[in-house]
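> Sequence plus predicted model, see below.
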Amino acid sequence: MDTLLIKAATLVNEGQIFVADVLIKDGLIEKIAGSIDYPGATEINAEGLHLLPGMIDDQVHFREPGLTHKADIFSESMAAVAGGITSYMEMPNTVPNTLTQELLADKYAIASEMSLANYSFFMGASNNNLDEVLKTDPKTVCGIKVFMGSSTGNMLVDNEIVLENIFKEAPMLIATHCEDEATIQHNLKVYKEKYGENLTIEMHPLIRSAEACYLSSSMAVELAKKHNTRLHILHISTAKEISLFSNTIPLKEKRITAEACVHHLWFDDQDYAKKGNLIKWNPAVKTAADKAAILQGVLDGHIDVIATDHAPHTLEEKQQPYAQAPSGGPLVQHALSALLEMYHQQKLSLTQIVEKTAHNVADCFNIDKRGYIREGYWADLVLVNLNDPVTVTKNNLFYKCGWSPFEGQTFQSEITHTIVSGNLAYTKGKFTTNETGKRLNFSR
């Protein structure tokens, strides 16, 4: 592994923006100073570029094993690294579902050989695998995933006794997908009775409604408070849910935290007319008022982290009629670019972006020595040119699925270099594939 010396970068870290050199040796940040000389180091001239901690994405679906016609760990980690994501946490609704320790170990084995980014994998919960869930090692696994709404896959946990026991006994963070299945099925029945098979994408946020989200999220919060569970609710999509979360105590003291996703900050229901099923997600993209409230929740600390919920499907699958088209879309390559665009739009500051995509994710999950630009920490770093516009086209995508909901969008910023655990993994469209990322460890 090369010794790297980043010269004259504008660091964005821990609420401060300042120019410095950064020396990286044996994968770690060895020194941060105004001027560093180190003969023999590979130098990166970062004058005019901003250096950020790499984004840590706490929610991706990379589809391996079993669904690799859509995506795989190599292809999606490549896209992630091109997008400035240096670490990810992947979800268990692959095929087979990750419901045993053996299947969980299989995913780690694949990633150790194929992932260009650092990685962790959630253990999946179902109605009948509590014994397996309780074997999960809190120091080497990011968390336990509970689908409190069917979403994709067959992992709905709807047995109230099982749910109670998971919240009571889980040895670590539980991450939940919260949509109330009974409410969704009732809404679907109403719309089918009215429109038959002629349902359209515009009905998606009405079928998978704000009320469905709130009912499920409030139930999860109630269970977590009852059992003092470490709960993390994923992809908040409604204004109403934000009241469930506190901003009066420091993140490190919170037992209940929340995540916003890039698509819920970027799109709203007016975009369905143009984007159609390409922005069909669960939970659904909802109103402009919901979008504004989520951004405010990010700004005021009710919502702690920003992630992607990257969940690719083939274009053919997404081009089916609304009812048949699967939910989810590819996002890792342009999540940071979209957030930097929100900086240009004066909606987020650079320090807020870094806080929500790196610092807070590391703190939320107790990730060991990552998420900050600090001496002694792993060198997970991203260099960006804030004034070099890039237009998203099919030709510059690295996703296996070959499409993006951002196609045609020009972002004002370019991600120029991505460093993963000290390895210069990406430089202006080119990858270093002879080094893989590392397994995340957790200080729990």
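Looks like it came in fine.
> contacts and neighbour counts: CA atoms only from here.
OK.
> How many neighbouring residues does the residue lying closest to L278 once chain neighbours are set aside have?
In space, and not counting its chain neighbours, L278 is closest to P405: 5.9 Å by CA to CA, 6 or more residues apart in numbering. Using other CA atoms under 10 Å, P405 has 18 neighbouring residues.
> What pLDDT is listed against P405?
Note for P405: predicted pLDDT of 98.
> Same check on N159?
With respect to pLDDT, N159 scores 82.
> in terms of contact, does it touch S126 like I think?
No: judged on CA atoms under 8 Å, N159 makes no contact with S126 at a distance of 9.0 Å.
> out of these two, which sits in the more crowded spot?
The neighbour count for N159 versus S126, taken as other CA under 10 Å, is higher for S126 (22 against 12).
> residues contacting the more buried one?
99, 146, 155-157 (CA atoms under 8 Å, 6 or more residues apart in numbering).
> Let's verify it: helix, strand, or coil?
Following DSSP: H, G, I helix; E, B strand; the rest coil, S126 is assigned to coil.
> now it: how far from A170?
Per CA to CA, to the nearest Å, S126 is found 13 Å from A170.
> again, but for P405
Using CA to CA, one obtains 36 Å as the distance from P405 to A170.
> One more: V22?
V22 sits 40 Å away from A170, going by CA to CA.
> The two - which one has more neighbours?
Each of V22 and A170 has its neighbours counted (other CA under 10 Å); V22 has more, 27 against 20.
> and the more buried one, what does it touch?
5-7, 29-33, 36.
> which residues are in contact with stretch 25-42?
The contact list for stretch 25-42 (CA under 8 Å, 6+ apart) reads 1-5, 7-8, 19-24, 373-379, 421-423.
> show me where the stretch 1-150 of the chain has helices.
Using DSSP state H, counting those that start in this stretch, the helices of the stretch 1-150 of the chain run over residues 73-82, 101-114, 130-133.
> and if you look at the stretch 301-444 of the chain?
Taking DSSP H, counting those that start in this stretch as the criterion, the stretch 301-444 of the chain contains helices spanning 315-318, 335-344, 350-354, 360-365.
> Report the separation between the closest residue to I24 other than its chain neighbours and P326.
The shortest distance from I24 to any non-neighbouring residue, by CA to CA, 6+ apart, is to L4 (5.0 Å). Per CA to CA, L4 is found 43 Å from P326.
> how about low-confidence regions in this protein?
149-154 (pLDDT under 70).
> which strands and helices sit next to the biggest helix by length in the chain?
Identified as the longest helix of the chain according to DSSP state H is helix 210-227. The contact analysis (3 or more CA pairs under 8 Å, 6 or more residues apart in numbering; DSSP states H and E) places helix 210-227 against helix 160-169, strand 174-178, helix 181-195, strand 231-233.
> what's the angle from it to strand 174-178?
Between helix 210-227 and strand 174-178, the angle comes out at 150 degrees (axes from the mean of the first three to the mean of the last three CA atoms, to 10 degrees).
> How many residues are close by P326?
By the criterion of other CA under 10 Å, P326 has 23 neighbours.
> these two touch, right, it and K318?
Yes: contact criterion CA under 8 Å: P326 and K318 qualify, at 6.3 Å.
> what residues are up against the nearest residue to Y88 once chain neighbours are set aside?
Among residues not flanking Y88 along the chain, D57 sits closest, at 4.6 Å (CA to CA, 6+ apart). Neighbour list for D57: 85, 87-89, 306-308, 357, 361 [criterion: CA under 8 Å, 6+ apart].
> what about the helices of the stretch 301-444 of the chain, which gets the closest to L251?
The closest of those to L251 is helix 360-365. By CA to CA, the value is 7.1 Å.
> what's next to that closest one, contact-wise?
Taking CA under 8 Å, 6+ apart as the rule, helix 360-365 contacts 56-58, 142, 173, 251-252, 257, 304-305, 367-368, 370-371, 442.
> same deal with stretch 74-87?
Residues outside stretch 74-87 that contact it (CA under 8 Å, 6+ apart) are 54-57, 62, 111, 114-119, 332-337, 380-382, 397-400, 415, 417-420, 425-426, 429, 431.
> gap between it and the chain center?
11 Å (CA atoms, centre = their mean, to the nearest Å).
> ok, now stretch 424-439?
Counting by CA atoms, centre = their mean, stretch 424-439 is centred 19 Å from the centre of its parent chain.
> For K318, give its distance to V157.
Counting by CA to CA, the separation of K318 from V157 is 26 Å.
> higher neighbour count, these two?
The neighbour comparison of K318 against V157 (other CA under 10 Å) goes to K318, with 21 against 18.
> Show me which positions of stretch 300-317 end up buried.
By neighbour count on 16 or more other CA atoms under 10 Å, the buried set for stretch 300-317 is 301-315.
> check contacts around G66.
Counting by CA under 8 Å, 6+ apart, G66 has contacts 94-96.
> and the end-to-end length of stretch 307-323?
End to end - CA to CA - stretch 307-323 spans 26 Å.
> which residues touch it?
Applying CA under 8 Å, 6+ apart, the set of residues contacting stretch 307-323 from outside is 56-63, 69-71, 199-201, 235, 259-263, 277-278, 325-326, 328-332, 335, 357, 401-403.
> same thing with stretch 207-227?
Applying CA under 8 Å, 6+ apart, the contact partners of stretch 207-227 are 148-149, 164, 167-168, 176, 178-181, 183-185, 187-188, 191, 229-231, 233, 237-238, 240-241, 244, 256, 282-284, 286.
> ditto for stretch 90-101
58-67, 103-104, 119-126, 129, 132-133, 135-136, 145, 152-155.
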